[in-house]
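Enquirer: turn this into a structure:
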Amino acid sequence: MQKCAALFAGQHGVAADRQVRAAGISLKRQNALIASDVWKRVHAGVIGLTGAADTWERKVMAAALAVKGAVACGRTAARVHGLDGYRKYPGIKIAVPRSARRVKIDGVKYTRLDLDDEDTTVVNGIPVTTVAVTLMQLASRGLNAGQPLDDALRRGHKPAALRETATTGANAASARSDGKWSTCGGATSTAPPKSSPTSDSRSPSPTPESWLLNAPSRSDQQPSSGRSAENDDAIGHTGLAAADWLGTPLTHR
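Expert: Predicted coordinates for the structure are as follows:
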């Protein structure tokens with residue numbers, strides 16, 4: 001039980017069934033603890049301590065634990081990192097591997113996304129995309145990336161590292177040579193729009209770093225008229241082929 005106590009303590013009062021089993025608790029013992037109201041079922045495959053505070057962080061953690069290999073992403077990740085402009089963002093969006101089973105949890109958006117180990121980290125116990133990948137996701141959606149970018153630079157994140165992430169995302173999305181960055185379910189790839197016949201052919205294509213550094217500074221708390229905060233994730237594309245950093249929605253709400 002000490003291993004389970006450590007799990008709960010480090011994961012906002014929740015744990016996956018697979019983690020509990022690895023900690024030496026049998027299914028029979030787990031069911032007995034649930035029946036005695038010591039633990040409770042939170043989601044399929046996720047249990048929690050009865051009486052634990054139902055914080056936003058706990059909800060994010062539980063949503064991530066519901067799918068093996070899942071991580072918080074986008075604006076949710078920005079809040080987990082504590083980045084300027086998103087410290088009060090209420091939504092929950094989770095990236096899962098493309099091979100993951102379909103999951104449906106009220107109030108949670110799941111998206112399929114290919115991520116390498118270097119694209120993810122753990123913050124306050126929560127698995128999450130790195131600051132660099134998070135900024136890429138925000139910028140590519142036309143969301144407020146200016147504030148969190150400034151914040152990240154103030155914290156000591158190196159511009160060279162951010163540029164490297166931007167370049168990697170753009171190159172992988174445009175190349176797709178090994179299928180790693182392909183969209184799932186036959187979804188159409190969102191490649192950069194072709195230039196119109198009337199456009200100035202001498203204009204240089206935007207670089208990954210300029211895409212990020214020129215991102216709009218729109219408040220995530222005040223969506224433009226005619227759009228709800230819930231749908232804000234699906235707007236605004238800046239023109240670089242980094243669509244697969246964004247993922248393909250599993251559920252739409």
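Enquirer: surely Ala15 is in a helix?
Expert: No: Ala15 is assigned strand when assessed by DSSP: H, G, I helix; E, B strand; the rest coil, not a helix.
Enquirer: and for it, the neighbour number?
Expert: Using other CB atoms under 10 Å, Ala15 has 27 other residues around it. Where C-beta positions appear, they are placed from N, C-alpha and C, glycine not excepted.
Enquirer: so where's the protein uncertain?
Expert: Within the chain, the stretches with pLDDT under 70 are 170-253.
Enquirer: what about the helices in it?
Expert: Chain-ordered helices for the chain, with DSSP state H as the definition, fall at 2-10, 17-22, 27-35, 56-65, 74-80, 131-140, 146-154, 159-175, 208-213.
Enquirer: can you lay out the ones you listed as TSV showing distance to Asn124?
Expert: Below are those laid out as TSV (distance: least, CB to CB, whole Å):
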stretch	distance to Asn124
helix 2-10	9
helix 17-22	17
helix 27-35	26
helix 56-65	7
helix 74-80	7
helix 131-140	14
helix 146-154	17
helix 159-175	21
helix 208-213	25
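Enquirer: just say which of those is most tucked in.
Expert: Mean neighbour count, computed with mean count of other CB atoms under 10 Å, is highest for helix 74-80 among these, reaching a mean of 29.
Enquirer: surely Met136 is in contact with Thr167?
Expert: No: between Met136 and Thr167 there is no contact under CB atoms under 8 Å: 10.3 Å.
Enquirer: out of the helices of the chain, nearest to Lys93?
Expert: helix 74-80 (4.7 Å; CB to CB).
Enquirer: residues contacting that closest one, please?
Expert: Outside helix 74-80, the residues that touch it by CB atoms under 8 Å, 6 or more residues apart in numbering are 56-57, 60, 71-72, 85-89, 91-94, 123-124, 126, 128-129, 133-134, 137-138, 141, 143, 148, 220, 233, 246.
Enquirer: among these, which ones are buried?
Expert: 56-57, 60, 71-72, 85-86, 89, 91-94, 123, 126, 128-129, 133-134, 137-138, 141, 143, 148, 220, 233, 246 (16 or more other CB atoms under 10 Å).
Enquirer: does Ala166 touch Val133 like I think?
Expert: No: under the criterion of CB under 8 Å, Ala166 makes no contact with Val133, lying 9.7 Å away.
Enquirer: returning to what we had before: quick one: which of the helices of the chain is nearest His43?
Expert: Here helix 56-65 is closest among the helices of the chain (CB to CB), at 5.9 Å.
Enquirer: circling back: quick one, which of the helices of the chain is nearest to Val42?
Expert: It is, among the helices of the chain and with distance given as CB to CB, helix 56-65, at 4.9 Å.
Enquirer: what angle do the closest one and helix 2-10 make?
Expert: Counting by axes from the mean of the first three to the mean of the last three CA atoms, to 10 degrees, helix 56-65 lies at 120 degrees to helix 2-10.
Enquirer: can you dump the C-alpha atoms of helix 56-65 in PDB for me?
Expert: C-alpha atoms of helix 56-65 as PDB (Å, rounded to 0.1, in the frame of the first residue of the first chain):
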ATOM      1  CA  TRP A  56      -8.400  21.000 -12.400                       C
ATOM      2  CA  GLU A  57      -5.000  19.300 -12.100                       C
ATOM      3  CA  ARG A  58      -6.600  16.100 -10.800                       C
ATOM      4  CA  LYS A  59      -9.000  16.100 -13.800                       C
ATOM      5  CA  VAL A  60      -6.200  16.500 -16.200                       C
ATOM      6  CA  MET A  61      -4.100  13.800 -14.600                       C
ATOM      7  CA  ALA A  62      -7.100  11.400 -14.600                       C
ATOM      8  CA  ALA A  63      -7.800  12.100 -18.200                       C
ATOM      9  CA  ALA A  64      -4.200  11.400 -19.200                       C
ATOM     10  CA  LEU A  65      -4.100   8.200 -17.100                       C
END
